[in-house]
Each structure stands twice: as C-alpha cells, then as structure tokens.
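S.K.: structure for this input, please:
(2 chains)
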2 protein chains.
Amino acid sequence: MKNVSIIGVGLIGGSFALNLKAIFNDLIILGIDSSKSHISEALDLGIIDKEGSFESIIKSDLVVIATPVNVTLELLPTILNRISSKALVIDMGSTKADICNLVDMHPKRSQFLANHPIAGTEFSGPGSAYISLFKNKINIVCDIEKTNPELGNPLIKTFKNMGMNIRYMDSKAHDKHIAYVSHLSHISSFMLGKTVIEKEKNERNIFDMAGSGFESTVRLAKSSPEMWTPIFEQNKTNVIETLEEYIQNLNHFKSLMEANDFEAIRNEMKNTNYIKTILKGIS
Amino acid sequence: MKNVSIIGVGLIGGSFALNLKAIFNDLIILGIDSSKSHISEALDLGIIDKEGSFESIIKSDLVVIATPVNVTLELLPTILNRISSKALVIDMGSTKADICNLVDMHPKRSQFLANHPIAGTEFSGPGSAYISLFKNKINIVCDIEKTNPELGNPLIKTFKNMGMNIRYMDSKAHDKHIAYVSHLSHISSFMLGKTVIEKEKNERNIFDMAGSGFESTVRLAKSSPEMWTPIFEQNKTNVIETLEEYIQNLNHFKSLMEANDFEAIRNEMKNTNYIKTILKGIS
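M.R.: Numbering: from 1, shown residues only, chains lettered A, B, ... in the order given. All right, here's what the predicted structure looks like:
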C-alpha cells in the first residue's frame, strides 16, 4: 500500500490515518474534506500529507470514506466507478444496510468492504483524532462474502494491527442490533439533556447541583447533529422500534410509581443491575 | 469533636469517616450498620474504630446518618431524642423535603443539619469508600435557618475542609431540582438497560457491539435498588413530573422521525448541544 485517500479527516478518518502511518512506511495519505479548515488542520497535525481530490482517487490503493452516512451514500458509487481495478474502498459508518444495498449490484461491489469500528467520542474534527482510538475496540465487518478476499483480507489484517477485534455480521442484523446498543443511547441522552435544559433554562445555577451521574448519562448529547441526523434517517425503522420499547418501559415505571408499587420498582432495578455483568464484558 | 457515630458505613458514610479522621486528631469513630459484614469490613479498612450502638449515641458529639433515605426517616426522631444537648445530627440523603418536614416541630430541630453532598459512584459498601470522594463537590445544605449556628457553622467549616463547596437551598426546592439533574438520569439509565437486556437477552454476544457511549449512558443502571427505591418513593411527585416531560420529549422525537422531519431532528440535537456549555461548569 502506497497511496491512500481519506475522505472526511475528522475523529474517525484522522485516527485511521494516524494508524496507517504507524503501520506502513512510505505511505502518502491524501485528505479530502468539504471543510477547508479541516484540511489545513489535518496537514498541520501531520494526519495527512497533502490535499487530495476526486481526480486523485484513481491513483489510490485504498480509499477510506469516513463522512456522515448520508454523504457516504452519495459518494460511494462514484468512487467505485473511479478507482483502479486493484484498489479497495472502505466506509466507517454507523449504519450498514442502506450502503450495502445501494452498491449490491455495482460491477465493482467486490472492491468495497463495509465496516463499522465501534469507536468514537462525543468530539469531532481532526483535532479530536488520536492513535489509540481503535485499540481493543470491535470492528464490525458486514457482508464479507461480497468483498474480494484478496483485497479484503490484507485490510482486515491491518485492522487487527491497529488493535481491533473483528466481528462478522450481516448488514441488516448490524443495523437492528446497533439501534439498541448505540442509536437509542444517543436519543435517550439527547432527550434527557433537552428535558433538563427546558426546565432549568431560567435557573442556570441549578446545574451545579448536577453530579457525575448526570454528566455521564447526558454525555452523548454533546454529539454532532451533522453525524447523527443521517444515522437516524437511515436506520429509521429499527430506531423507532427501540424508541417505542424504551418509552413503553418508562411509562410502565411511571405507572408503578403512581400506583405506589415500590416493591415492583425495586425489582425493575434489581433485574437491570444485570447490566453490571454485561458491561464487564465490554470494558 | 471527640466522639462521632456514623450510621451506615458504606460509600458515603465511610468516605465521610475517612475525611473526619484526616481532619481531627484523637477522634473516636463508632460505626453502626445493619450489616455485620459491613462493620467488620469497615473495622478492617480503618474506617471506624469500633462498633457503636443506639445506646452509645448519647456520648457522640456528632451523629452522621448515611443510610438509605427511608431508614433516615425511621431513625432521625429517635436519634434526636437520644443525643446530648451539645451534639449535632446530620444526614446525607438525596431527598430533603420529607426529612425536614418530619422533624420540623421536633424540640431538638435546631440540632439537626440537613445535607446532600452531590458525590457518589454507582458502587456501594465500605470497600467503595475513598477519601477524595467529596473533593471539589457541591454540598447542598437545606433549611439552614432551622439549625443552631453554634452547632451548624463548625460542621460547615469541616465540609469546606473536606474540599466541598456549600450551596444553601430550601428543602422543597432541592427536591424539585434534584429530580431533574439526578433522579431522572437514574430512571433513564435503568430503563435503557432494561430495554436493551430484554431485546438482546438471547443474544448475549451482541453486547460486544456496545461501545463507550452505551456504557456511559447506562452506567447508573448499576446503582443500588436499596438506595434508590426509597428516593423515588419520597420524591414521587417531582420525579413523575420529570418523567412525564421526558417521555413527552421522546414521543415528540419519535413523531418527528415518523414524519421524516429530519431537519427538526437536527435542530433538536443542535439546541441540546448547549449541554456542552453547561457541563463545562460542573466538571
């Protein structure tokens, strides 16, 4: 691998570029981003070597799409049309079914690898990129059977060199499960933030009553609307299903409180404490 | 101060004891706890000097009640009856209106100081106690005008010596605001955990798809049901109000998704990003 194009030089694309540089010698990384200030920041930070363009992509051995997922849908078919016959394109998005569906019949489908590294923070932009972002994280590779193994296998080896553990999954199953363990958390956090801000907007000093518990629960409400709006749009059906179940559970909790059934409230919490066992597995 | 009784030698009581020992010389700390294993653990860890009893409380200069809030309601009147005329009783609970109301007419009301240190973790028991728990945290002191300043002021100075910043507040206002910035977070987190566990119970391996975002949002679902059930019970009216607003906001978000109004979804998130500014003030 000699020439790599990274489209979207933010937290994910930037961190990926830093890792590629650490693994491969003599690599030229070209950055493409709709924000000129991101490009110059990424150049200053040594994340990319020079600015690329859609014309320069033809020379790349690897094209990494690390944009919001709506932009990925717009770009992928054109990029596949443009790349050389030995190049690979990967994406990094939080939704996988729409993108896999879109290029399912594309003549160069075998040159695309659909990925979702379960890594990120609530920050964005090249300044938030860091090399250990992917270390000990899961990377979900979807519909692997559709990618040419000669192109896909070396990249999967590279993911492992970055410290990632690989999981293989069908793209539709990915979207269904990720709605529960990621997308719903973002909505619960955003709406918690909204509820508290609305109530307390005239009493700013109330917020120093908030402790680390509130901070932890509301952390994801700092996330980028530009990134998350298209995720919710693409995973609409699954996300609405999780939201309905979540709202139903909240209504049930409220009705138990209204009925003064605090024994049932205690049991709800006791059963959910099982999350301790689950979280031990992921941290 | 020579003789202190700590009732409930868990995370809060234990950490408070460690701080008192660091500030005062020749202090004897007696521990009282319904769990015998907590007492022996607290003795082993040097958190308390010996086991106390309701009989020994009469000799204490300070009695600290750090129990679940239902136990505080049961104990406080009896303890006030028992203490010497120069002793002070403080509580540490997450609800303040019921407890202040209960002893409002008690002949020794001026010997009680109602507190809520905004400090804690999702862990409990003497083993979870640590000396820096209160450092740079807010301690909310309620209905201060009802406490004898000769008894209250030295203790407020002690709180400051532990690194706490003091806020004064009416007990009813405390309960109303804390419902938003603490109690609601716990319910949103517990119900998030419940929703995901229910859905994915037969597919345990799905949980390694969960990243740090899910972990952060669901952290409070590890909290103790024994501690939180009576908090929800005592703050029922306020908590139900916050829950209704939260559920309403979630339903609104869902209806925007169903209507494909993703521009409005984006604005919801953009407005809530204001939480960044707020959180800067508390961390």
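S.K.: strands of chain A, start to end?
M.R.: Assigned by DSSP state E, the strands in chain A fall at A:3-7, A:28-32, A:50-51, A:62-65, A:88-91, A:112-117, A:138-142, A:165-169.
S.K.: among those, which comes closest to chain B?
M.R.: Checking those against chain B by C-beta to the nearest C-beta gives strand A:138-142 as the closest, at 5.5 Å. Just so you know, the C-beta spots here come from the backbone N, C-alpha and C atoms, and that holds for glycine as well.
S.K.: name the residues of the stretch 51-200 of chain A found near chain B, please.
M.R.: Listed as neighbours of chain B in the stretch 51-200 of chain A under the rule C-beta under 8 Å from any C-beta of the partner chain: A:118-122, A:137-138, A:140, A:165, A:167, A:174, A:177-178, A:180-182, A:184-200.
S.K.: which stretches in the stretch 51-200 of chain A count as helices?
M.R.: For the stretch 51-200 of chain A, applying DSSP state H, counting those that start in this stretch gives helices covering A:69-82, A:97-102, A:149-161, A:171-178, A:184-200.
S.K.: give me whichever of these is most buried.
M.R.: Ranked by mean neighbour count, the helices of the stretch 51-200 of chain A are led by helix A:184-200 with a mean of 25 (mean count of other C-beta atoms under 10 Å in any protein chain shown).
S.K.: which strands or helices does it pack on?
M.R.: Contact analysis of helix A:184-200 by 3 or more C-beta pairs under 8 Å, 6 or more residues apart in numbering or on different chains; DSSP states H and E lists helix A:212-218, helix A:236-258, helix B:184-200, helix B:212-218, helix B:236-258, helix B:262-272, helix B:275-282 as its packing neighbours.
S.K.: need the CA coordinates for the fourth one. CSV is fine.
M.R.: In this case it means helix B:212-218. Taking Å, rounded to 0.1, in the frame of the first residue of the first chain, the C-alpha atoms of helix B:212-218 are listed here in CSV:
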residue,chain,number,x,y,z
SER,B,212,-18.2,3.5,25.4
GLY,B,213,-21.3,5.6,24.6
PHE,B,214,-23.7,2.9,25.7
GLU,B,215,-21.5,2.2,28.7
SER,B,216,-21.6,5.8,29.8
THR,B,217,-25.4,6.2,29.3
VAL,B,218,-26.2,3.0,31.1
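S.K.: does any part of that helix sit near chain A?
M.R.: Yes. Using C-beta under 8 Å from any C-beta, helix B:212-218 reaches chain A at B:212-218.
S.K.: got the contact list for that helix?
M.R.: For helix B:212-218, the surrounding residues in contact (C-beta atoms under 8 Å, 6 or more residues apart in numbering or on different chains) are A:120-122, A:181-182, A:185-186, A:188-189, A:216-217, A:219-220, A:275, A:279, A:282-283, B:189, B:192-193, B:196.
S.K.: distance from the chain centre to that helix, please.
M.R.: Relative to its chain's centre, helix B:212-218 lies at 21 Å (C-alpha atoms, centre = their mean, to the nearest Å).
S.K.: pLDDT on it, on average?
M.R.: Averaging pLDDT along helix B:212-218 yields 87.
S.K.: ok, now stretch A:267-283?
M.R.: Rounded mean pLDDT across stretch A:267-283 is 82.
S.K.: likewise for stretch A:189-200?
M.R.: Per-residue pLDDT over stretch A:189-200 has a mean of 90.
S.K.: need the residues that contact that stretch.
M.R.: A:206-207, A:214, A:217-221, A:223, B:177, B:180-181, B:184-185, B:188, B:217, B:242, B:245-246, B:249-250, B:253, B:268-269, B:271-272, B:274-275, B:278.
S.K.: what's the distance between the nearest residue to residue A:229 once chain neighbours are set aside and residue A:198?
M.R.: Among residues not flanking residue A:229 along the chain, residue B:266 sits closest, at 4.3 Å (C-beta to C-beta, 6 or more residues apart in numbering or on different chains). Per C-beta to C-beta, to the nearest Å, residue B:266 is found 18 Å from residue A:198.
S.K.: looking at the strands of chain A, spot the one closest to residue B:93.
M.R.: Nearest of the strands of chain A to residue B:93, taken as C-beta to C-beta: strand A:138-142 at 40.4 Å.
S.K.: chain A - how does it break down into domains?
M.R.: By the record's domain assignment, chain A is partitioned as A:3-170, A:174-282 (automatic domain parsing).
S.K.: show me the shaky parts of chain A.
M.R.: A:202-205, A:281-283 (pLDDT under 70).
S.K.: near the closest residue to residue A:81 other than its chain neighbours, how many other residues are there?
M.R.: Spatially, and ignoring its direct neighbours in sequence, residue A:81 is nearest to residue A:108 (7.4 Å; C-beta to C-beta, 6+ apart). Residue A:108: 17 surrounding residues under other C-beta atoms under 10 Å in any protein chain shown.
S.K.: list the contacts for residue A:108?
M.R.: Counted by C-beta under 8 Å, 6+ apart, residue A:108 has contacts A:80-81, A:83.
S.K.: show me the contacts for the closest residue in space to residue A:62 that isn't next to it in sequence.
M.R.: Spatial nearest neighbour of residue A:62, excluding adjacent residues (C-beta to C-beta, 6+ apart): residue A:4 at 4.7 Å. For residue A:4, the contact set (C-beta under 8 Å, 6+ apart) comprises A:17, A:20, A:27-30, A:60-64.
S.K.: ok, residue A:9 to chain B distance?
M.R.: The gap separating residue A:9 from chain B is 21 Å, by C-beta to the nearest C-beta, to the nearest Å.
S.K.: surely that residue is in contact with residue A:42?
M.R.: Yes. Between residue A:9 and residue A:42 there is a contact at 4.1 Å, judged by C-beta atoms under 8 Å.
S.K.: more neighbours, the two?
M.R.: residue A:9 (33 against 27).
S.K.: before we move on, back to that, tell me the two of the residues of helix B:212-218 next to chain A that are most distant?
M.R.: The farthest-apart pair in the residues of helix B:212-218 next to chain A, when distances are taken by C-beta to C-beta, is B:212 and B:218, at 10.9 Å.
S.K.: more crowded one of those two?
M.R.: residue B:218 (29 against 17).
S.K.: excluding covalently adjacent residues, which one is nearest to the more buried one?
M.R.: Residue B:218 sits nearest to residue B:193 (C-beta to C-beta, 6+ apart), 4.8 Å away.
S.K.: measure the one you found to residue B:206 for me?
M.R.: On the measure of C-beta to C-beta, residue B:193 and residue B:206 end up 14 Å apart.
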